[in-house]
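Trainee: Below is the structure, and that's it, no one-letter string:
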């Protein structure tokens, strides 16, 4: 019956199951930790153990053995060469840097809603920092395994990489509607999904995307914790362009171009790719 369902539906349900499992387990653990014993970061420790076994399960370990090969193929966590690793991190890192520069630039062109800052002062540092880092790790592993592995992979094989990445990235962006329905924010989420999807396709593995996704989220979470939202600079339409605006434009072009160049170098590390 499962194989008779449309491929898009199967890919969507697989992504939701893989990603949702990590999200739900971590949500239950951290809420219980903060409610019962906030001075001991036991939720992060338990979640780390869970992720190890969950990763092993997705790679084909455990019961049922009949699905081991399908799980391993769906996860798409293949080993890659040192050269592919190097260019994956360079291409993805430059792409993320370009997107951050573009995000900063967009705040000078569009009126973004002021984010509400969560009050984390009641959480001891010994619990807060591991929890933030674990939240980033859960997002990186769960979302990359679900979206770029179990969803994008089958769509790539059926419809080609461009369509597979496009569909997966749009679903990835819509999945972040829980953070708000502000259209520019959704478009950035779609763009980050496309970046991670392209990185997975070019490298042949979700592992580089996991590293970059988790690292980017960790920096975002720590920045949101340490630095309160500041009043934004006036929109360029009202104040006129200044040197900082043009500098941001230059950064977007330079970093974006460098990322494209690095992605081309990454593609050369897989000469037999078709």
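Mentor: Structure received. This one's a predicted model, so the numbers in the text were calculated from it and none came from an experiment. Numbering: from 1, shown residues only.
Trainee: Averaged pLDDT, the helix or strand where residue 106 lies. What do you get?
Mentor: With elements taken from DSSP states H and E, the one containing residue 106 is helix 82-109. Computed over helix 82-109, the mean pLDDT rounds to 96.
Trainee: Okay, buried residues for the very next helix or strand once past it please.
Mentor: Using DSSP H and E, the next helix or strand after helix 82-109 towards the C-terminus is helix 125-143. For helix 125-143, a neighbour-count test (16 or more other Cβ atoms under 10 Å) marks 127-143 as buried. The C-beta positions use only the backbone N, C-alpha and C, and glycine is treated the same way.
Trainee: hey, where'd the helices end up in the stretch 151-274 of the chain?
Mentor: Under the criterion DSSP state H, counting those that start in this stretch, the stretch 151-274 of the chain contains helices at 152-159, 161-175, 183-203, 207-226, 236-239, 243-268.
Trainee: out of the ones you listed, deepest packed?
Mentor: Mean neighbours per residue, mean count of other Cβ atoms under 10 Å, is largest over those for helix 183-203, with a mean of 21.
Trainee: Report all helices and strands that that helix contacts.
Mentor: helix 82-109, helix 152-159, helix 161-175, helix 207-226, helix 243-268 (3 or more Cβ pairs under 8 Å, 6 or more residues apart in numbering; DSSP states H and E).
Trainee: Indicate which one of the helices of the stretch 151-274 of the chain is closest to residue 77.
Mentor: Residue 77 lies closest, by Cβ to Cβ, to one member of the helices of the stretch 151-274 of the chain: helix 207-226, at 5.6 Å.
Trainee: Other residues contacting the closest one?
Mentor: Contacts to helix 207-226, defined as Cβ atoms under 8 Å, 6 or more residues apart in numbering, come from residues 77, 80, 84-85, 88-89, 92-93, 96, 115, 117-118, 120, 128, 132-133, 135-137, 139-141, 143-145, 148, 196-197, 199-200, 203.
Trainee: Does anything pack onto the lowest-mean-pLDDT helix or strand in the chain? Which helices or strands?
Mentor: In the chain, the helix or strand scored least confidently by mean pLDDT, DSSP states H and E is helix 236-239, which has a mean of 84. Here helix 236-239 touches helix 82-109, going by 3+ Cβ pairs under 8 Å, 6+ apart.
Trainee: Count the neighbours of residue 90 for me.
Mentor: For residue 90, the tally of surrounding residues (other Cβ atoms under 10 Å) stands at 17.
Trainee: which residues does the closest residue to it other than its chain neighbours contact?
Mentor: Spatial nearest neighbour of residue 90, excluding adjacent residues (Cβ to Cβ, 6 or more residues apart in numbering): residue 262 at 4.6 Å. Counting by Cβ under 8 Å, 6+ apart, residue 262 touches 87, 90-91, 94.
Trainee: how many other residues sit next to residue 109?
Mentor: Neighbours of residue 109 using other Cβ under 10 Å come to 13.
Trainee: so it makes contact with residue 237?
Mentor: Yes: under the criterion of Cβ atoms under 8 Å, residue 109 makes contact with residue 237 at 7.5 Å.
Trainee: what pLDDT does residue 226 get?
Mentor: pLDDT at residue 226 comes out at 86.
Trainee: measure it to residue 128 for me?
Mentor: 11 Å (Cβ to Cβ, to the nearest Å).
Trainee: same check, this time on residue 158
Mentor: 44 Å.
Trainee: swap in residue 266?
Mentor: Residue 266 is 36 Å from residue 128, by Cβ to Cβ.
Trainee: Next up, phi/psi of residue 5, please.
Mentor: Backbone torsions of residue 5, given as degrees, to the nearest 10, read phi -70, psi 150.
Trainee: what's near enough to touch residue 133?
Mentor: Taking Cβ under 8 Å, 6+ apart, we find residue 133 in contact with 44, 218, 221.
Trainee: okay, those residues in JSON lines with pLDDT next?
Mentor: Formatted as JSON lines, those follow (pLDDT from 0 to 100):
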{"residue": "44", "pLDDT": "98"}
{"residue": "218", "pLDDT": "97"}
{"residue": "221", "pLDDT": "94"}
